[in-house]
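Q: Sharing a sequence plus its predicted fold:
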Amino acid sequence: MTALLEIRNLNVYFATPDSDVHAVKDVSLTIGESECLGVVGESGSGKSQLFLGAMGLLASNGRASGSVLYRGQEILGAPAASLNRLRGAKITMIFQDPLTSLTPHMTVGAQIMEALNSHRALPRDEARARVREMLEYVRIPDAARRMTQYPHELSGGMRQRVMIAMATITGPDLLIADEPTTALDVTVQAQILEILRALKSDKKTAIALISHDMGVIAGNADQVQVMRSGRIVEQGPVDNIFYAPQQDYTKMLLAAMPRAADPGPDTSPRQELLLDVRDLKVSFPVSQGIFAKAKELRAVDGVSFTLRAGETLGVVGESGCGKSTLARAVLQLLPADKGKVLWLGRDLTEESREDIRRQRRGFQIVFQDPLASLDPRMPVGVSIAEPLKALEPGLSRADIAARVRAMMQKVGLEPEWINRYPHELSGGQNQRVGIARAMIIAPRMVVCDEAVSALDVSIQAQIVDLLKGLQAETGLAMIFISHDLAVVRRLSHRVMVLYLGRVVEMANSDALYRDPRHPYTRALLAAAPTPDPRHERTRPRALLTGDLPSPLDRRAQLSFLKSKRIDDAEADQYRPLLIEEAPGHFVAEHDPVI
Amino acid sequence: MLRYSLKRLLGAVPTLFVIVTLTFFMMRAAPGGPFDSARRLPPEIEHNVAAAYNLDKPLLTQYGIYLTKLAHGDFGPSYKNKDFTVAQLIGIGLPVSAKLGLSAMAVAIILGFLLGTWAALRQNRWQDYSVMAVAMTGITIPTFVTAPVLTLIFGIYGISLFGHDFTLPVGGWAGGKLANMILPVTVLALPQVAFIARLTRGSMIEVLRSNYIRTARAKGLPSFRIITRHALRAAILPLVSYLGPAVAGILTGSLVVEQIFGIPGVGRYFIQAALNRDYTLVMGVVICYAGLIVALNFVADVLYAILDPRVRLT
Amino acid sequence: MKTDVMDAAVALKGRSLWKDAWTRLLRNRAALASMIILGLIAALALFAPLVSAYAYDEINYEIVSCAPNWWPISAPCLAGGTHWFGTDAVGRDLFVRVLYGARVSLAVGFVATLVSLVIGVAYGATAGYLGGRVDALMMRLVDILYSLPFIFFVIILMVLFDRNFFLLFVAIGAVVWLTMARIVRGQTLSIKQKEFVEAARAGGVSSFGIITRHIMPNVVGPVVVYVTLTVPDVILIESFLSFLGLGIQEPLTSWGVLIADGANTMESAPWLLIFPALFMAVTLFCFNFIGDGLRDALDPRDR
């Protein structure tokens, strides 16, 4: 029996001004009928270029060689006309970023219709009905209205559903999904993956699922290929890869994957109280045109917590929950509307800018994007030295250089790189620079705002270990912010879950992961994929439905307490109380969980 | 949409006001006046003339009088062309200038866009390089060089094809006959063709590299459809934003072109009027052109919003 | 796709983005050639009195409108000697006049660009850094000024203030600063929101330090590109004014004046048009190539 798609010895090259880059090296694989092939690899492994190359969709400076057979028929290098009969009809694709992947000036209905019409001539009404049916299949509510909207009017999750509808309306044999959920929140990701699973089981569509996330692969793939720098390192049935990996690289990837079931650090140290945040509120005016009255977006809406020396507080939430705003308001990088931020007993919100500037010796921050948070025109040594120069004036040049070198060594950077520029270092190395910059003045607290989210999982694990080591050595307090519950688990003594600017649950991390009380925490935990195929296959999927609501809609904060909700977007809503259900375990009021 | 138009219309009033004020006081700040001449007039006559045009009053009063008249649509008399009012002079010159300018604009946009798109689709091949080389030349050679050179070739040496004489007239307007328009319009459009071609090429290349073009290709659409349905509208946006500056460029060019080809447009009046200190005429022309630019900016904004659904007019 | 591998083979000394850009610029053959040609023209203009045996206002009625000796087509008379580009309608040496024209044109180009740079950077940086209402108001004014038919203003200025050479610089500079202000403002605004500025603030760096150490060096790139594209623009505007008889006055000259004169006698003495036009076109070409090269060099992700 011939395979649905067979790739033989595929090579992909890109011509660059300096030299040719060999992105995919001699890759062979097969995909059977209605089978899901997972392709996993870190950034730069060539996993996306592999399929783009096979489908003749490379950028203009790329070229592919080898052989690609669809049901035994060669398609690599086939003339455009015959390739176009196949692409979009029998083999379709969806991509990572659904906003830029949809044409901005066409309605989503028109774009889906176009996919259908260019492969099958149907009467207009019938085609329209098919599009609607398809949108309903991917669970887009109010499909008829959505068809007339433009991509920018939909949320990220909706857009990806539209992409899926567009890719399945022609009834393809194979859907190539290139990082389909990477840009999405974890609860939305779970819904999109559910749709892909349904597609495979009811429409018998084969799927090539490309992802960097072992968890996503574990729950969906039948066969798995592991890629690294353009080559296939290991391949086999999903259970073999996950439970009996042969190659060191695969083992390393699996070991690096954070798991919610991992043991966290020991219990909270009872030490000096550093930070006491009380009822902090931050809002932004969201203008809707120059003359319209600005709406108020309550990004942080009454958050209180404390932090002790040597302790790590994990802060978890999805996009729009206000976690980054919270970090900036605590560090006085953004003005708070209300509430107190007591640092060693002094209320920072009352102090002058210059006083705050001097206090910055005590608290520092590490940002999400290592490259964006370093000045591209400054050598990394100078970046690291900046806080030292600003906050400890009077140090000699030699002292500064010595301390920068020592710090670089401590965070695992070669001290000789002191004159390097950020673009000459990798993402992980740049993040070490960011950590060195935060640590150089020996602060008592560091806020890590999604500090490992932009990194590959193997690098992620190294950075987490580095932070842990620094904490053990210096008694540093940390606020560790992430959208990923599993990463937070490794570092945090206590965890706080945010939903649309409010705390829904806060507890010691053991208690929170073992016994989540709030339905939102439970949904987050349930949605997070784990690198454990058997568990993924059997576990119940308690899913939230629909997308995250807009933080501008005040009703949304009461999504879990609908009994007290007033159905008016403008009205002042009830504020759920935080109740201490067990010692140290705070849960926001919510409707009973069924 | 109607509300937006009204708002823009109201917004144009302060703009025009600033322009009127600036021009008025700038002109008066300079020494000399419209009735200074080599031949000295007897003082009483000079006084009478000045009084007739209110030039003896304080500057601010004159400004007030001018604004009041302007508000009633009266541009005043021309100081130098005694038998005409400014409105009449503009009424004669403007249709000519407008016909010339708009034709050049149309040629520039159509030709520039086609050339730019073609170059983008043949990126880094000889077609691309030759279009861009021609464009660069068009930008660097000023109109007052292209005008005489083209005149020499097509007007004086002349061309004959298939036994017909296609020699073009070297000057004059003749009521805007096609033959008389070809040379001035070509000269006027050339730098803009070049600029628009470069602009279009850049934006088209960027659009063709975007993710949604990849999606369209993955859908199996033929490339003609990808370009017309998916790429074109996005690629045209920078061109729409360029409309305003393009008009300004054509305006500048038209001053030269009207002079060289002896075309009785507004531009020729302007230079004469400025040299003669014909205050009212200068003001009239400036207001007229400023109004034109304001109007075209409005058209450009509306067009932009029509082409890009993400832009909302407020 | 960038590889994460950075081997130790790279030299210890880091390469700054400026140096990177400079090497990329030197690798761009069109830009490199342009820089060399432009340098030559500038040097010739600067040392014009040393290069030529004639003074720029030296009239010689014996050789009126004569072609250079090497002129390939028959001409009414030959200028002879070292009149490499022939002579003009009053027998002045065209070569030295083209060089003196270069002095004026290049000076106008640079000075007016400098004027626009100073106004534009100060205005744009203020608007961008302050942001909010001030920014909105300042940019609204720029929008209004944009709808002025600005060339008319230059003409009015030139007419009314009697073709003052200095005023010519200022007038043109005052016309072209608007775009500069927009660019600087946009750039400042976007850099102000970059994470590395926030990082510097978190690191205790003062506002002054942030402006001088982080914002200014990052605004320079696009400004430099725009400057190289403004100079040719200004040269064109000046030549255009000269053509209308509103620019430089005799016996001083500029390329615009020479070209305008040459255009009148194109049939009888084409060299009077060809040489100044060639010099000007080549100069404008060079600036455009350098500008394009700089843009590519400073923004490597494009291409």
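A: Sure thing, it's come through.
Q: Hmm, residue C:23 and residue C:32 touching each other?
A: No: the pair residue C:32 / residue C:23 is not scored as a contact, 11.1 Å apart, by CB atoms under 8 Å. C-betas here are computed from N, CA, C, even on glycine.
Q: These two: which is more packed in?
A: Using other CB atoms under 10 Å in any protein chain shown as the criterion, residue C:32 and residue C:23 rank with residue C:32 on top: 15 against 11.
Q: Give the full set of residues in contact with the more buried one.
A: By CB atoms under 8 Å, 6 or more residues apart in numbering or on different chains, the contact list for residue C:32 reads C:25, C:26, C:293.
Q: does residue A:208 sit in a helix or strand, and which one?
A: Here residue A:208 sits within strand A:206-211, counting by DSSP states H and E.
Q: what about that strand and chain B, touching?
A: No: using CB under 8 Å from any CB of the partner chain, strand A:206-211 never reaches chain B; the gap is at least 12.9 Å.
Q: packing partners for that strand?
A: If contacts are counted by 3 or more CB pairs under 8 Å, 6 or more residues apart in numbering or on different chains; DSSP states H and E, strand A:206-211 sits against strand A:36-41, helix A:47-54, strand A:174-178, helix A:186-203, helix A:214-220.
Q: By neighbour count, which of the contacts of residue C:32 wins?
A: When neighbours are taken as other CB under 10 Å, the top entry among the contacts of residue C:32 is residue C:293 (24 neighbours).
Q: what about it, helix or strand, and which?
A: helix C:271-298.
Q: How about that helix and chain A, touching?
A: No: figure legend: helix C:271-298 not in contact with chain A (CB under 8 Å from any CB); closest approach 10.3 Å.
Q: re the thing from before, tabulate the helices and strands packed on strand A:206-211 in CSV, adding columns for mean pLDDT and mean neighbour count.
A: Output for those, formatted as CSV (pLDDT from 0 to 100; neighbours: other CB atoms under 10 Å in any protein chain shown):
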stretch, mean pLDDT, mean neighbour count
strand A:36-41, 93, 26
helix A:47-54, 92, 25
strand A:174-178, 94, 25
helix A:186-203, 88, 19
helix A:214-220, 90, 25
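Q: Ok, which of these comes nearest residue B:269?
A: Comparison of these against residue B:269 by CB to CB identifies helix A:47-54 as nearest, at 61.2 Å.
Q: Indicate the residue of the stretch 1-150 of chain A located nearest to chain B.
A: Relative to chain B, the nearest point of the stretch 1-150 of chain A is residue A:88 (3.2 Å; CB to the nearest CB).
Q: what about that residue, neighbour count?
A: By the criterion of other CB under 10 Å, residue A:88 has 27 neighbours.
Q: Over to residue A:243?
A: 12.
Q: how close does it sit to residue A:251?
A: Using CB to CB, to the nearest Å, one obtains 11 Å as the distance from residue A:243 to residue A:251.
Q: near chain A at all, whichever strand or helix holds residue C:109?
A: Following DSSP H and E, one finds residue C:109 within helix C:94-130. No: Helix C:94-130 does not reach chain A (CB under 8 Å from any CB); its nearest approach is 15.8 Å.
Q: how about low-confidence regions in the chain?
A: Looking at chain A here, since you left the chain open. By pLDDT under 70, the weakly predicted segments of chain A are A:1, A:17-18, A:260-264, A:266-270, A:287-294, A:540-548, A:551, A:569-570, A:593-594.
Q: my bad, the chain I had in mind was chain C
A: For chain C, the ranges with pLDDT under 70 are C:1-17, C:79, C:147, C:149, C:161-164, C:299-303.
Q: Now do the helices in it.
A: Shown for chain C, the helices assigned by DSSP state H span residues C:17-27, C:29-46, C:48-51, C:94-130, C:132-146, C:150-160, C:165-192, C:195-202, C:207-209, C:216-243, C:255-264, C:271-298.
Q: So which bits of the first one are buried?
A: With burial defined by 16 or more other CB atoms under 10 Å in any protein chain shown, the residues of helix C:17-27 counted as buried are C:17, C:20, C:21, C:24, C:25.
Q: which bits of the stretch 51-200 of chain C sit near chain A?
A: Going by CB under 8 Å from any CB, the residues of the stretch 51-200 of chain C near chain A are C:194, C:195, C:196, C:198, C:199, C:200.
Q: The last one: neighbour count?
A: This means residue C:200. 25.
Q: How is chain A partitioned into domains?
A: Chain A breaks down into these domains under automatic domain parsing: A:5-255, A:371-442.
Q: Strand partners (parallel or antiparallel) of the strand holding residue A:208?
A: Sheet pairing of strand A:206-211 (DSSP bridges) gives strand A:36-41 (parallel), strand A:174-178 (parallel).
Q: Need those in a markdown table (columns: distance to residue C:219).
A: A markdown table is the format used below for the strands paired with strand A:206-211 (distance: least, CB to CB, whole Å):
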| stretch | distance to residue C:219 |
| --- | --- |
| strand A:36-41 | 39 |
| strand A:174-178 | 37 |
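Q: And the next helix or strand past the helix or strand hosting residue B:19?
A: Secondary structure assignment for residue B:19, by DSSP H and E: helix B:2-29. Following helix B:2-29 in sequence order, the next helix or strand is helix B:43-52 (DSSP H and E).
Q: Average pLDDT for that next one, rounded please.
A: The pLDDT scores in helix B:43-52 average 71.
Q: Output that helix as CSV - backbone C-alpha positions only.
A: This file holds the C-alpha atoms of helix B:43-52, laid out as CSV (Å, rounded to 0.1, in the frame of the first residue of the first chain):
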residue,chain,number,x,y,z
PRO,B,43,2.5,112.1,-3.8
GLU,B,44,-1.2,112.8,-3.8
ILE,B,45,-1.9,110.4,-6.6
GLU,B,46,0.2,107.7,-4.8
HIS,B,47,-1.9,108.5,-1.7
ASN,B,48,-5.1,108.1,-3.6
VAL,B,49,-4.1,104.9,-5.1
ALA,B,50,-3.1,103.5,-1.7
ALA,B,51,-6.3,104.7,-0.2
ALA,B,52,-8.4,103.0,-2.9
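Q: Closest residue of the stretch 151-300 of chain C to chain B?
A: Residue of the stretch 151-300 of chain C nearest chain B, by CB to the nearest CB: residue C:160 (3.1 Å).
Q: And that residue, how close does it get to chain A?
A: Taking CB to the nearest CB, to the nearest Å as the measure, residue C:160 falls 38 Å from chain A.
Q: Counting neighbours, what do you get for that residue?
A: Using other CB under 10 Å, residue C:160 is surrounded by 21 other residues.
Q: same thing with residue B:84?
A: 15.
Q: what do you get for residue C:145?
A: 19.
Q: Residue A:134 too?
A: 23.
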